[in-house]
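**Student:** Predicted model follows, preceded by the sequence.
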Amino acid sequence: MIINAVKDHSGFAELEKSKVHIVVEIIEYMPNAVVSKTIIKKATGNVTVSSFDTGEELAEKTSPFDNYIQIIDGAAEVTIDDKKYKLNLGEAIIIPAHAKHHFNADVQFKMISTVIKSGYED
């Protein structure tokens, strides 16, 4: 797999602009791991793609910003403020700002996370 990335002065590698990317191929699964790659990161927000191996999870956390999650491979379980949601391929959910949330991988899955920082969050 070849990923076209350009590093800025800080060493951060961002995907090449004005180039077609197959998002599901940007990141691979790794045994017993959660892997994340930032597609684009700006002061106003970021887009990240992540892969979760079966049995992996991210600890519960909160964020001051809304977070749009879209499943691009497999299926995920996300818990938002103690309510569980099952997201299948192609499905998405918005995690509200300040909501407790965590992810669990009953099966492998990949997702895109999009955070927009408007400056007007509650």
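**Tutor:** Yep, that arrived.

**Student:** C-alpha from now on. contacts and neighbour counts both.
**Tutor:** Fine.

**Student:** so after the helix or strand Thr79 falls within, what's the next helix or strand?
**Tutor:** If you go by DSSP states H and E, Thr79 is part of strand 76-80. Sequence-wise, the next helix or strand downstream of strand 76-80 (DSSP H and E) is strand 83-87.

**Student:** What lies in contact with that following strand?
**Tutor:** Ile71, Ala75, Ala76, Glu77, Val78, Thr79 (C-alpha atoms under 8 Å, 6 or more residues apart in numbering).

**Student:** now swap in stretch 53-71 and tell me
**Tutor:** By C-alpha under 8 Å, 6+ apart, stretch 53-71 touches 29-34, 87-117, 121-122.

**Student:** go with 7 Å
**Tutor:** Outside stretch 53-71, the residues that touch it by C-alpha atoms under 7 Å, 6 or more residues apart in numbering are 29-34, 87-115, 117, 121.

**Student:** out of these, which are inside helices?
**Tutor:** Counted as lying in helices by DSSP state H, out of these, is not a single one.

**Student:** ok, back up a step: among the contacts of strand 83-87, find me the one that's closest to Val24.
**Tutor:** Proximity of these to Val24 was ranked by C-alpha to C-alpha; the top entry is Ile71 with 9.7 Å.

**Student:** Now that closest one: closest residue in space, sequence neighbours ignored.
**Tutor:** Leaving out its chain neighbours, the residue that sits closest to Ile71 by C-alpha to C-alpha, 6 or more residues apart in numbering is Met111, at 4.4 Å.

**Student:** Make sure that neighbour is actually in contact with Ile72.
**Tutor:** Yes. Applying C-alpha atoms under 7 Å as the test, Met111 and Ile72 come out as touching, 5.3 Å apart.

**Student:** who has more neighbours, these two?
**Tutor:** Met111 (26 against 20; other C-alpha atoms under 10 Å).

**Student:** who touches the more buried one in this structure?
**Tutor:** Val49, Ser50, Ser51, Ile69, Gln70, Ile71, Ile72.

**Student:** How much space separates it from Ser18?
**Tutor:** 22 Å (C-alpha to C-alpha, to the nearest Å).
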